[in-house]
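Asker: everything below, folded, please.
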Amino acid sequence: MTNRKTYFLMFALFYLALPAIGYASVESTLTGIQTRLISTVLPLAAILGLVFAGLSFVAGSPNAKGRLTLAIMGAVVGFGAPSIMEFIRSLVH
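Answerer: Numbers count the residues shown, from 1 in each chain. Alright, predicted model coming up:
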């Protein structure tokens, strides 16, 4: 089972880095990977977390309230990531 997770992680990293490899500089490569993470992976993870927490809440799981709270916090971070990044960039520059 560990090998399967390792292969999936390697595939995911390759998928994220593949379009960015063609850029000339390291900074543009990292910006491409960051954009892919913020625009694709974080919202997808937030939606999946909300669906899982909602289904466990409907099913009556004893930990559902905590999962739902964490899923909502994750969704706020996931969908608010572009704004958070711009705020941090404005503080640095």
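
Asker: in the protein, which ranges drop under the pLDDT threshold?
Answerer: The model of the chain has pLDDT under 70 over residues 1, 13, 15-26.

Asker: biggest helix in it, by residue count?
Answerer: helix 64-92 (DSSP state H).

Asker: give me the buried positions along it.
Answerer: Going by neighbour count (16 or more other C-beta atoms under 10 Å), the buried part of helix 64-92 is Ala64, Arg67, Leu68, Ala71, Gly74, Ala75, Gly78, Ala81. Any C-beta I mention is one placed from the backbone N, CA and C, and that applies to glycine too.

Asker: what sits against the fourth one?
Answerer: The one in question is Ala71. Contacts here follow C-beta atoms under 8 Å, 6 or more residues apart in numbering; on that basis Ala71 touches Ala46, Gly49, Leu50, Phe52, Ala53, Gly54.

Asker: what about it, distance to Ala64?
Answerer: In this view, Ala71 and Ala64 are 10 Å apart by C-beta to C-beta, to the nearest Å.

Asker: if we can go back for a sec, turn the buried ones among the contacts of Ala71 into a named PyMOL selection, would you?
Answerer: Only the buried entries of the contacts of Ala71 go into this PyMOL selection, using 16+ other C-beta under 10 Å:
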select buried, resi 46+49+50+53
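
Asker: looking at the contacts of Ala71, which is nearest His93?
Answerer: Ala46 (27.8 Å; C-beta to C-beta).

Asker: circling back: any chance of the buried residues of helix 64-92 in CSV, plus distance to Lys5?
Answerer: As requested, the buried residues of helix 64-92 are arranged in CSV below (distance: C-beta to C-beta, whole Å):
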residue, distance to Lys5
Ala64, 26
Arg67, 22
Leu68, 26
Ala71, 22
Gly74, 21
Ala75, 24
Gly78, 22
Ala81, 25
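
Asker: pull the most distant pair out of those.
Answerer: Spatial extent of the buried residues of helix 64-92 (C-beta to C-beta) is set by the pair Ala64 and Ala81 at 25.5 Å.

Asker: the residue nearest the centre of the chain: what's it in contact with?
Answerer: The centroid of the chain falls nearest to Leu42 when counting by C-alpha atoms, centre = their mean (2.5 Å). Contacts for Leu42 (C-beta under 8 Å, 6+ apart) come out as Val77, Gly78, Phe79, Ala81.
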